[in-house]
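Peer 1: Attaching a predicted model along with its sequence, questions to come.
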Amino acid sequence: MPELPEVEVTCQGVLPHLLERTVLAVHSSGKSLRQPIPQELLRSCLCNKTICTVERRAKYILIRFTGKDVLIIHLGMTGKLGIFSQATAAARHDHLVLTLDNTMELRYNDVRRFGSVAVWPADQAEELEQVFLARQGIEPLGAAFDGKQLHQLAHNCTVPMKKFLMDSRRISGIGNIYANEILFAAGIHPVCPANSLSLEQWQEVAGCTVHILNKAIAAGGSTISDFLGASGQPGYFQLQLAVYGKKGEACPGCGEEIVKEVVGGRATFFCPECQQEVQR
DNA sequence: CGGCGCACCTGAGTGC
DNA sequence: TGCACTCAGGTGCGCC
């Protein structure tokens, strides 16, 4: 389920249930995610440790423990985190369960197993910062994010805008749905080369990015209060989408038909009228 | 190095 | 009801 807003909403949703909680036990399904779940390492690093913060970086959820060990979870395409009572029956595709000291459990469920679970032991805290976190793209909701920075980032880069926005090594957190929505909002054609945009256009793209991501988080945030049991689907399920999945429907801006094409190997929706390919 | 295609996995939906 | 086929919101690998 995750693009940045969904991961952020998940973080905010589990946060109040995890703070100050101590992990008593770790169980995994035995099935491999992107990489095998390191059950023994999880046990030795996390059992009897207390959670002190939960934060998001890019599309990763970082659960930090006293003693500096860090559990890192990526939701892949279909990963979900939820808080359940021990009495709640396990669901199909539950792959990791952390038993907490208040009779509740944190459960990671992932149908397609494209997600990942990793632990960075305290003695590797340095590497976590310098190798892993430093490798992530810029944060769209970070203080430094603006059109000027994107303009510089796109210098000499000929890839289509759609791919540029979705490249997590450059910008973190934007997936297929929001890339479509951002380009529509900014009036940019998805195949437009990244280095062909003016500074003004990049400022527009930056502004739309922040606006759309924040709107999606706010919409998903309405589900946070009942996050127990990992009910509803936060994020884009709550957000009014303008073009994604709307092939053949009327553009909300001009009424022209939304078209679908494949760009960078993924379904791409746009309005051929509002998003002109040729730049003037 | 930049960019492309594909593989990883399961399930939902569609058309016959 | 069943079967074959396509598609899905992410990432990283091998290849040119």
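Peer 2: That came through, no problem.
Peer 1: count of neighbours near residue A:202?
Peer 2: Residues contacting residue A:202 under the criterion other Cβ atoms under 10 Å number 22. C-beta: built from backbone N, CA, C; applies to glycine.
Peer 1: Tell me how far it lies from DNA strand C.
Peer 2: 21 Å (Cβ to the nearest atom of the strand, to the nearest Å).
Peer 1: And for residue A:246?
Peer 2: From residue A:246 to DNA strand C the distance is 12 Å (Cβ to the nearest atom of the strand).
Peer 1: One more: residue A:7?
Peer 2: 9 Å.
Peer 1: Remind me which helix or strand that residue belongs to.
Peer 2: Assessed by DSSP states H and E, residue A:7 sits inside helix A:4-18.
Peer 1: Mind giving me the packing neighbours of the least confident helix or strand in chain A by mean pLDDT?
Peer 2: When the helices and strands of chain A are compared on mean pLDDT, DSSP states H and E, helix A:125-127 comes out lowest with a mean of 88. Packing contacts for helix A:125-127, counted by 3 or more Cβ pairs under 8 Å, 6 or more residues apart in numbering; DSSP states H and E, involve no helix or strand.
Peer 1: Any buried residues in that helix, and which?
Peer 2: Of all the residues in helix A:125-127, not one is buried under the rule 16 or more other Cβ atoms under 10 Å.
Peer 1: Going by neighbour count, list what's buried in whichever helix or strand comes after that helix.
Peer 2: Next in sequence after helix A:125-127, counting helices and strands by DSSP H and E, comes helix A:147-153. For helix A:147-153, burial by neighbour count (16+ other Cβ under 10 Å) applies to A:147, A:150-151, A:153.
Peer 1: what packs against the next helix or strand after helix A:147-153?
Peer 2: Counting by DSSP H and E, the next helix or strand C-terminal to helix A:147-153 is helix A:161-166. In terms of contacts (3+ Cβ pairs under 8 Å, 6+ apart), helix A:161-166 is packed against helix A:176-186, helix A:199-221, strand A:266-270.
Peer 1: rerun that using 10 Å as the cut-off
Peer 2: Contacts defined by 3 or more Cβ pairs under 10 Å, 6 or more residues apart in numbering; DSSP states H and E place helix A:161-166 against helix A:147-153, helix A:176-186, helix A:199-221, strand A:259-263, strand A:266-270.
Peer 1: Same question for the residue of chain A found nearest DNA strand B, what's its three-state structure.
Peer 2: Chain A approaches DNA strand B most closely through residue A:112 (3.3 Å), counting by Cβ to the nearest atom of the strand. State at residue A:112, reduced to three classes by DSSP: H, G, I helix; E, B strand; the rest coil: coil.
Peer 1: ok, it - contacts?
Peer 2: Contact analysis of residue A:112 by Cβ atoms under 10 Å, 6 or more residues apart in numbering lists A:33, A:76-79, A:93.
Peer 1: Name the nearest of the residues you listed relative to residue A:255.
Peer 2: residue A:77 (33.2 Å; Cβ to Cβ).
Peer 1: hmm, back to that, filter the contacts of residue A:112 down to the ones close to DNA strand B.
Peer 2: Within the set of the contacts of residue A:112, contact with DNA strand B (Cβ under 7 Å from any atom of the strand) is found for residue A:93.
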